[in-house]
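# kindly generate the corresponding structure for this input.
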Amino acid sequence: MTTREFNDRLRRKARRAGLSISPELAEGLEAYYRLLELWNQKINLTALQLSDAPDEAMDRLLIEPLLAARFLPGPDCRVIDVGSGGGSPAIPMKLAVPGIQMWMVEAKTRKCAFLREATRQLALYDTIVETARYEELLTRPDLHEAMDVVTVRAVRVEVRVLMGLQAFARPGGQMFLFRGRTGPDVPATLTPPLAWQATHRLFDSFDNRLVIIRKVALGGGVPRGTVGQF
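Model prediction:
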């Protein structure tokens with residue numbers, strides 16, 4: 001697939017999703033996708049078929065993170081992505097909102113090698129790759145309640161995991177959970193300081209959802225959530 005064909009398909013998909021993609025963003029997304037496709041031939045970064053940029057791969061890896069980026073609390077917020085794997089949603093979100101500070105957490109060394117190479121080639125400033133399990137980072141003072149947003153897609157979402165990950169979020173911060181067509185929006189036993197805020201449908205075709213959970217500030221009330229659809 002040529003660059004022109006890739007960009008034409010990317011822009012068509014973006015328009016259907018209600019997004020506008022600048023030439024600079026399109027260039028960055030293609031560079032990321034090509035690098036992911038190349039490395040995926042050597043190490044398992046994603047189970048998605050990447051050759052010729054099929055619809056599911058482009059939707060899941062590129063368009064879905066761009067849709068989620070619209071819900072970031074600000075253009076210079078601090079985001080930590082747990083279980084970054086092949087770099088999505090973290091890298092497309094960073095490309096879409098260059099001013100955010102991004103931490104990518106991945107336990108596997110070879111995947112971290114890819115993330116660092118992608119960070120270098122795409123010139124992603126204010127981006128850090130941590131080779132560790134997230135549990136190992138929970139005692140780091142510089143990361144404790146330091147993040148505006150915690151994003152989770154590849155990690156299995158359980159109450160125990162959520163209660164551990166919330167330690168990264170500041171009071172009033174958010175957790176973005178990327179969910180597929182199966183499973184509940186949030187665990188039935190979600191407990192303070194976490195409260196469900198909203199569920200946004202990202203793709204009707206795949207029934208993908210973005211679940212936003214807020215970390216309630218100490219002494220604050222539990223916010224009322226709303227359900228939004230696109």
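# pLDDT weak spots in the protein?
154-155, 182-185, 187, 204-207, 218-230 (pLDDT under 70).
# now do the helices in it.
Counting by DSSP state H, one finds helices in the chain at the ranges 3-16, 23-40, 55-58, 64-69, 90-96, 109-121, 134-137, 159-165.
# just say which of these is most tucked in.
Among those, helix 90-96 has the highest mean neighbour count (mean count of other CB atoms under 10 Å), at a mean of 26. (Glycine included, C-beta is placed from N, CA and C.)
# what helices or strands is that one leaning on?
With contacts taken as 3 or more CB pairs under 8 Å, 6 or more residues apart in numbering; DSSP states H and E, helix 90-96 sits against helix 23-40, helix 64-69, strand 78-82, strand 101-106.
# could those go into a markdown table alongside distance to Gln174?
Converted to a markdown table, the helices and strands packed on helix 90-96 look like this (distance: least, CB to CB, whole Å):
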| stretch | distance to Gln174 |
| --- | --- |
| helix 23-40 | 23 |
| helix 64-69 | 11 |
| strand 78-82 | 10 |
| strand 101-106 | 15 |
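# of all these, which one is nearest Arg181?
The closest of the helices and strands packed on helix 90-96 to Arg181 is helix 64-69. By CB to CB, the value is 13.1 Å.
# now that closest one, how far from the chain's geometric center?
Counting by CA atoms, centre = their mean, to the nearest Å, helix 64-69 is centred 8 Å from the centre of its parent chain.
# Asp126 and Ile100 touch, don't they?
Yes - counting by CB atoms under 8 Å, Ile100 is a contact partner of Asp126 at 7.4 Å.
# looking at those two, which is more packed in?
Applying other CB atoms under 10 Å to Asp126 and Ile100 shows that Ile100 carries more neighbours, namely 22 against 13.
# any buried residues in stretch 169-177, and which?
Going by neighbour count (16 or more other CB atoms under 10 Å), the buried part of stretch 169-177 is Ala169, Gly173, Gln174, Met175, Phe176, Leu177.
# quick one: the fourth one and Pro75, what's the gap?
Distance from Met175 to Pro75, counting by CB to CB, to the nearest Å: 20 Å.
# no further questions, thank you.
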